[in-house]
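[1] Prediction below, plus the sequence it came from.
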Amino acid sequence: MPKISDSLTHKNVVCPFCSLHCDDLEINVYDNKLSVKNNIPKSCALKFEQLNLPIFREMPATVKGKPCETKKAYQYSRRLIKESKETIFLNSSVDVNITREALSAASKVNGIIDHVNSSIFLKNISIYQRRGYMATSLTEIKNKSDVIIVFSNNLFKTYPRLMEKYLATNDSFSINPKNKKIYVIGKQTSNKKDCDFKDKRITYIDFNNKNISELLTCLANKKNTTSISNKIFNMLITSIENCKYLSILWATSEFNGYKECDEIIYNISAYVVSLNKTMRAACLSLAGNDGDVSFSQTLGWMSGFPSRIKFTGNFFEYDKDSHNASHLINSGNSDLVIYLNSLSEKKLILNKKNKNIVIGRPFTKYNIEPDVFIPCGIPGVDFKGHIFRTDNVVSLPLSSLRLSHSKSVQQVLREIIK
Amino acid sequence: MSTLCLKNGRVFDPINKIFNKKKDIYIEDGKITEVSNGKISETIDCNNKIVMPGAIDLHTHIGGGKVNIARLMLQEFHNNSDNDYDLTADFVPSTLKTGLQYIKMGYTSCFEPAVLPINARQSHAEMADTPFIDKGGYALLGNDDFLLDLISRGAHQSEINDYVAFILKATQCIGIKVVNPGGINAFKFNQRALNVDENSVRYKITPRKIVRVLARAVYELGVPHPLHVHCSNLGVPGNFKSTIETIKAAEGLPVHITHIQFHSYGNNGDRNFSSASAEITEYINKIPNLTCDVGQVLFGQTATMSGDSMKQHANHSHAHPDKWLCMDIECEAGCGVVPFKYTDQSFVNALQWAIGLETFLLTEDPDKIFLTTDHPNGAPFTSYPHLIKLLMDKTFRDNLLDQMSVDISKHTILKDIKREYTLSEIATMTRSAPAKILGLKNKGSLSKDADADITVYDSSIKDIEEMFANPTHVIKDGAVVVKDGEIKKYTWGKTQVVKPEYDKAIEKKLKKYFDKYHTIALPNYTISNDEMSEVIGSDINEVKCVRKRIS
Amino acid sequence: MKPLILKCKIKGKQRLDMSWLSNIKASKLSDIKNILISYGSKQYKLSTLFDVSGDNFEDIVIKNSHVHLDNIGSRLKDKKITVNGNVGYGLAKGMINGEIIVKGNVGKNACSGMKGGSVHILGNADDGLCSLPTSMNEGLVDGFIYVKKNVGDNSIIRMRRGNVVIGGDIGSGSCLELISGSVVILGKIGKNFCYKARRGTIFTKDKSVSREYIKANETDLTFFNFYKIKINKMLKQNLISSSKPLRYFGTKSERKLVELFVI
């Protein structure tokens, strides 16, 4: 066990905070303070370094907004769970082991288990539940893909290092990386603002991503009726025709607001499948940053379903409508919601109608004070863990970098549900 | 010290050449002892009962990315109406159901045959969540760019041995499997077929070379389980030739040919599809050092899953229901999941059924052939008792053949085969033989100090299928976990691994490759022993390797 | 013989899964009263949640029903279920045969993946009527559905066979990728109607769906009359009375082989 006063540099640290889980970080720990040594985007480094603030380290548990001893918070939570008629475990950012524990906790109190991004990743899964699907993974894209198409409006904000570390790389095993062609298709205002990465191989195409289906039909028929200029359109066509391995990337979360969302992702997939009759192409749908993949995979092997399960005595049942946590919360069907938020900085939207317990990383943001807040350590910083990368097949170990002041989500869940 | 005694059972223990002999078995501390030293605390009366070691399934897809994809893909088969402990479909069961079903059938050790090195962490996590059984995995090699590059540059065998040993250590596996040698990789460069002596476009090496190099590496490292080979041309009519060529490629080194049923097809007859089981089994009987498992097909809905994305993509038009997924994975291999329904109305499916049975019955030595359905590719593992009945009862299988919707009697010699498997042969092929081939000295045997994994069947049950489906007692590590079909106690098995020694210089080379081309770092690729027990949640048990040399 | 009457006395706000209703196998009323159902985090005897009476267990009447009762008649095989009041999600989900009458409104995703039988809804139906069930590719496989009032958005997705009659309006995105079967809509039709439809027959009063129509010719009329009689017979009332329908006139590629009649 290292002492607090030791200065230790951890190499190859896996970043738990976005679904790319880059693992080339070098982090120095001195006096339990973290500092990132290598050159990564500021926004990424900040996620580690802000954890050094005293407010993050000495965060007390609260009951009804008032700081109190952790024991008292446990006691009060146990009472709430005992009194509750129906409990929802809403995972808002978790790793594999937290999901395992949450499932076991839900089975003990006959609760419902769901994830905040369920509606999005269920859409991704529905592609191969209903049609054919050709998928790929990041190393494959880095080494084999000579033409890459990314549909995204804010690529650099959601996935800060995707371009630099995985797409526009200078080393490729099977192709000449200089001949790579990368097309970023979407609204470019945000992409240009957040981008501090310049590369000649990247072409930005301004396009309304609502019309992707139309663009794909045009590409298939080689006739341009879209808003894209003929010059760029023809460039796209020739790149696709001459390429060895085409990859198409998108983030379903960006399309979620569109009415055409399902149609878009089905059409991209169908386009890729049809290309595979004569050449090689594959798609990669980028997952959300809240441990979506870890959650759906873990629930998948433990229950056969990706999300939205309710335990009823000896067995469980899946129902995508009846156990949809956001529906249930909005219509006041449940009286207790337990939020598990170990990684994300996003603001939690709590509902006044029911009691709320938040087991979360220090300084979790929320719109209203929860009934109980119990701070917990972050997997990958305070605790060991196991998390899936965005491409569904690569899972990485999370290490514990420093001595933790608080307990892990698993320990807290075991404490409040016995 | 408490002792458990199984009294008066008819014991089948092929390793000690005990067949159908009345004998008492004593268990202390999870191990078998010869005579009890302490007091006998519990006696199970095994009069009229058959006592065998716990069964071993050496090829069953129970954990890993593609199994999970199939679970999520085929949700409509997870039955919502039965009030049972778990509602997942038999052919894509959840980890909990996998463990429960296996232990209820008397299986105590199961091995996942396709652990992608990059996906090993997930495979082990899934297997760690599978209760009761001991497990292990075979790491997939033979399509990864690093190895193919080594071979194509003419690297020395010792370097390849080091790499193979490193992979075994890094992925916590017990063996090496090669799937469609070089073919999955070639598919990524748009090759749609690769024969045993055909060069791949990118690396200019043949599947024959890959099999030879890997078989030698596995042999020289002293890994007990020989190279586990999924041959080229899966499911293609006429592929028996490439199967025989693949066997020849090993040049006498031990190899295990897996789901050989899918690789024993001829292309004779008016439908260009025929049985080549005679040719294949002739070879199996003749060649020493060769073992195989069958991958029997049984009728019904199932899901096929394989690392062989090349062949799965070619077969996707047969998907039932109409959906499928193929994936290229991390410059290592691929995966393909295609749901499939075998029906006896289809000539091809019916003949596949017959070819599997022919292979079982024509192979003389039960030490060389293992009972599998390649779960779930041929059928779910829950149909093993039915399969055993087919092997042990000629009238039963002849009746089924007669009742089939298509007439295949002219295309199969099944009716002419008189052989019926005996209980001793079943015990050998499901217990001692797989233990031997995996190097598990403490499994599949009732000798002194062996692990007390024991299954007790009720021999008064006339129907052999029912008898094998419902053991009266299943003992795992000395604890009675199943009694009369009910779970008495939950236990968690261990993961069996091998860790042959190697020259650490290969790690430097790999580190360079990883830093430059891969997207994760080498230390995060390897799974440490601590991670296995602390994070993934399964303790390991190391099986010894003894290095050998080919002169 | 009196029908089995279940009078709901639930006051809590938790949702109740009613899929057990389809599997009642008991022969005595006391057995039925003792069926354990899970409600919220606990399990209750049926008699604590419902007042139970009657002796014909093949004919079930639910009284005082409200929107928290989900999955009524899911995978129903043979029974008749009558509901007085509103119901929640997943009515008649994956129903195989039998009859369901709802005298009230129904919640989302009713009749998804239905394979046979008939459903009469005398109120409104929420979004996703006949939508795709989990991991499957066909919304309505077969069966007859009658909705007296309005239907929400994204309804009737990838319908394979069967007949749907809607007395009121239908929301946007309906009849997506229609494969076959017939749909009658007497009210207004929302946006994106029949997108990517392949085949099937549609009867509507809303002329806004298409720009051009012609008078139906004799072949069309025979076809039309056949359906008219069939549907009126099923409904036991003269819902379709027109004898001079207009037929949609368009190129095949535009709307492929969908037969559209304005009645």
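    All right, it came through fine.

[2] Low-confidence regions, chain C specifically.
    C:211, C:249-257 (pLDDT under 70).

[3] Close to chain B: what parts of it are there?
    C:S19, C:S22, C:N23, C:S74, C:R75, C:P133, C:T134, C:S135, C:M136, C:N137 (CB under 8 Å from any CB of the partner chain). Any C-beta I mention is one placed from the backbone N, CA and C, and that applies to glycine too.

[4] Got phi/psi on the third one?
    When read as degrees, to the nearest 10, the backbone of C:N23 gives phi -110, psi 10.

[5] could you list every residue that touches B:G142?
    Applying CB atoms under 8 Å, 6 or more residues apart in numbering or on different chains to B:G142 gives the contacts B:V178, B:V179, B:P181, B:G182, B:I210, B:V211, B:L214.

[6] picking that back up, with neighbour count and distance to B:G356 as added columns, please give the residues of chain C next to chain B in TSV.
    Shown next, in TSV, are the residues of chain C next to chain B (neighbours: other CB atoms under 10 Å in any protein chain shown; distance: CB to CB, whole Å):
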residue	neighbour count	distance to B:G356
C:S19	22	39
C:S22	24	39
C:N23	15	37
C:S74	26	38
C:R75	20	35
C:P133	22	35
C:T134	20	33
C:S135	22	30
C:M136	19	31
C:N137	20	31
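
[7] quick check, nearest of those to chain A?
    Distance to chain A across these (CB to the nearest CB) is lowest for C:S135, with 3.7 Å.

[8] Was I right to think the closest one contacts B:I69?
    No - C:S135 is not in contact with B:I69 according to CB atoms under 8 Å; the separation is 12.0 Å.

[9] list the buried ones in stretch A:274-283?
    Across stretch A:274-283, burial judged by 16 or more other CB atoms under 10 Å in any protein chain shown covers A:L275, A:N276, A:R280, A:A281, A:A282, A:C283.

[10] For those, work out which two are farthest apart.
    Farthest-apart pair in the buried residues of stretch A:274-283 is A:R280 and A:C283; separation 12.0 Å (CB to CB).

[11] any chance you could map the helices in chain C?
    Using DSSP state H, the helices of chain C run over C:29-33, C:46-49, C:218-235, C:252-255.

[12] Next up, the contacts around the closest residue to chain A within chain B.
    Closest contact between chain B and chain A, by CB to the nearest CB, is at B:T88 (3.7 Å). Residues near B:T88 by CB under 8 Å, 6+ apart: A:S303, A:G304, B:R71, B:H78, B:S94, B:K97.

[13] So which of the residues you listed wins on neighbours?
    B:R71 (30 neighbours; other CB atoms under 10 Å in any protein chain shown).

[14] pLDDT on the helix or strand hosting that one, on average?
    Take DSSP states H and E as the rule and B:R71 turns out to sit in helix B:65-73. Helix B:65-73 comes out with an average pLDDT of 92.

[15] Give the next helix or strand downstream of that helix.
    Past helix B:65-73, the next helix or strand by DSSP H and E is helix B:95-104.

[16] does chain A sit close to that next one?
    Yes - figure legend: helix B:95-104 in contact with chain A (CB under 8 Å from any CB); contacting residues B:T95, B:L96.

[17] Pairing partners for the helix or strand that that helix is followed by, with directions?
    The first helix or strand that comes after helix B:95-104 along the chain, using DSSP H and E, is strand B:107-115. Taking DSSP bridges as the criterion, strand B:107-115 sits next to strand B:55-57 (parallel), strand B:134-141 (parallel) in its sheet.

[18] ok, and the closest non-adjacent residue to whatever residue of chain A ends up closest to chain B?
    Residue of chain A nearest chain B, by CB to the nearest CB: A:G304 (3.7 Å). Sequence neighbours aside, B:T88 is the residue nearest to A:G304 in space, at 3.7 Å (criterion: CB to CB, 6 or more residues apart in numbering or on different chains).

[19] The residue of chain A closest to chain B and B:V92, how far apart?
    For A:G304, the distance to B:V92 equals 7 Å [CB to CB, to the nearest Å].

[20] list residues touching both of those two?
    Common neighbours of A:G304 and B:V92 (CB under 8 Å, 6+ apart) are B:R71.

[21] Pick out the residue of the stretch 1-150 of chain B closest to chain C.
    B:Q75 (3.9 Å).

[22] Low-confidence ranges, chain B, go.
    In chain B (pLDDT under 70), the answer is B:1, B:36-38, B:80-86, B:551.

[23] what's the burial count for residue 119?
    Picking chain A for this. A:S119 - counted by other CB under 10 Å - has 18 other residues nearby.

[24] ah, no, chain B please
    Around B:N119 there are 27 residues (other CB under 10 Å).

[25] Now do the contacts for it.
    Contacts of B:N119 (CB under 8 Å, 6+ apart): A:V393, A:V394, A:S395, B:G64, B:G65, B:I329.

[26] Most neighbours of all these, which one?
    That'd be B:I329 among the contacts of B:N119, by other CB under 10 Å, with 30 neighbours.

[27] For that residue, give me its contacts.
    A:S137, A:E140, A:V393, B:G65, B:L116, B:I118, B:N119, B:C335.

[28] now it, which residues is it bridged with?
    B:A333.

[29] wait, doesn't A:V412 sit right on A:G377?
    No - A:V412 sits out of contact with A:G377 when judged by CB under 8 Å, with a separation of 9.5 Å.

[30] between the two, which one's more packed in?
    Shown here are A:V412 and A:G377; by other CB under 10 Å, A:V412 has more neighbours (27 against 24).

[31] A helix includes the more buried one, no?
    Yes - counting by DSSP: H, G, I helix; E, B strand; the rest coil, A:V412 is part of a helix.

[32] wait, doesn't B:Q191 sit right on B:S200?
    Yes - using CB under 8 Å, B:Q191 is in contact with B:S200, at 6.6 Å.

[33] So between these two, which is more surrounded?
    Applying other CB under 10 Å to B:Q191 and B:S200 shows that B:S200 carries more neighbours, namely 22 against 18.

[34] tell me the contacts of that one?
    So B:S200 contacts B:L148, B:G182, B:N185, B:A186, B:F189, B:Q191, B:L194, B:T206 (CB under 8 Å, 6+ apart).

[35] mind listing what A:N289 touches?
    A:F17, A:C18, A:S19, A:S93, A:T158, A:S344.

[36] Same question for B:T304.
    B:T304 touches B:Q312, B:N315, B:G336, B:V337, B:V338, B:P339, B:F340, B:P376, B:N377, counting by CB under 8 Å, 6+ apart.

[37] for the last one, helix, strand, or coil?
    Under the three-state scheme (three-state DSSP), B:N377 adopts coil.
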